[in-house]
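> Let me see the structure of the following:
(chains A and B)
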Amino acid sequence: AQSVTQLGSHVSVSEGALVLLRCNYSSSVPPYLFWYVQYPNQGLQLLLKYTSAATLVKGINGFEAEFKKSETSFHLTKPSAHMSDAAEYFCAVSDPTGAGNMLTFGGGTRLMVKP
Amino acid sequence: EAQVTQNPRYLITVTGKKLTVTCSQNMNHEYMSWYRQDPGLGLRQIYYSMNVEVTDKGDVPEGYKVSRKEKRNFPLILESPSPNQTSLYFCASSFFRDRGYNEQFFGPGTRLTVL
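Below is the predicted model of the structure:
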């Protein structure tokens, strides 16, 4: 069974500061990993994905994440926060040896950006 | 425009009154899925379908029904809604392959309140 833990249900940063959202996973096989973003009153949008190619993955809007197998982590970062980054972020895991559609989500982290 | 649509977007109902939330996709995807989103719990899968007339339970199927009579539509049915089904519901779709990564596309969500 797979699981995802996102440390910190709420993260607050100042505009221009580093954004770091944490994600740790548990999986019996090397997984596929995803970050989704949910803006207010909208559905989920894929930010980036790791599917066993490069361990440092770049996504949209200046976000990136690094897959660290030894730490079972896939933390999301952005060097400089912008007010438009305020949203809820979800980490998710998928088992590549199974049907490649089953996603297990973490509990989400709400990012607040202060001016 | 490629999209997943859900209707209604907002619904307030009373305990025991049957309701249906519709989901439709125009991307010719085989795989469709329903999730519910609750604070601190992320998204949990209710039911999924790998193709027409093929459906299966997700992690939290109790109190829900689905059907897949056409490829593009995947309605979620609550035969006798209860207050613990108050939640934000998302429909998602993707291509289906036995192995590998298949990006899921999410609808805008349906906010359901059961009084």
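
> neighbouring strands for whatever helix or strand residue A:11 lives in, and are they parallel or not?
When elements are defined using DSSP states H and E, residue A:11 is found to belong to strand A:10-14. If you go by DSSP bridges, strand A:10-14 pairs up with strand A:109-114 (parallel).

> State the mean pLDDT of the strand it pairs with.
Per-region confidence: strand A:109-114 scores 96 on mean pLDDT.

> Now do the buried residues in the helix or strand following the strand holding residue A:11.
Past strand A:10-14, further along toward the C-terminus, the next helix or strand under DSSP H and E is strand A:19-21. Within strand A:19-21, the residues that qualify as buried are A:19, A:21, counting by 16 or more other Cβ atoms under 10 Å in any protein chain shown. For the C-beta atoms, the positions are set from N, CA and C on the backbone; glycine is no exception.

> Identify the residues contacting strand A:19-21?
Strand A:19-21 has contacts (Cβ atoms under 8 Å, 6 or more residues apart in numbering or on different chains) with A:6, A:8, A:11, A:13, A:35, A:63, A:75-78, A:81, A:85, A:89, A:91, A:109, A:111.

> Extract the C-alpha trace of the strand holding residue A:11 and format it as PDB.
Listed next in PDB are the C-alpha coordinates belonging to strand A:10-14 (Å, rounded to 0.1, in the frame of the first residue of the first chain):
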ATOM      1  CA  HIS A  10      -0.600  25.600   6.300                       C
ATOM      2  CA  VAL A  11       2.600  27.300   5.200                       C
ATOM      3  CA  SER A  12       3.000  31.100   5.200                       C
ATOM      4  CA  VAL A  13       5.800  32.900   3.400                       C
ATOM      5  CA  SER A  14       6.500  36.500   2.500                       C
END
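
> Which residues outside that strand are in contact with it?
Applying Cβ under 8 Å, 6+ apart, the set of residues contacting strand A:10-14 from outside is A:19, A:20, A:21, A:81, A:109, A:110, A:111, A:112, A:113, A:114, A:115.

> what's the nearest residue to the third one if we skip its chain neighbours?
What that stands for is residue A:21. Taking Cβ to Cβ, 6 or more residues apart in numbering or on different chains as the measure, residue A:21 lies nearest to residue A:76, with 4.3 Å between them; neighbours along the chain are not counted.

> Show the end-to-end separation of stretch A:2-14, please.
Separation of the first and last residues of stretch A:2-14 by Cα to Cα, to the nearest Å is 34 Å.

> An error on my part: the question was meant for stretch A:26-35.
By Cα to Cα, one end of stretch A:26-35 lies 16 Å from the other end.
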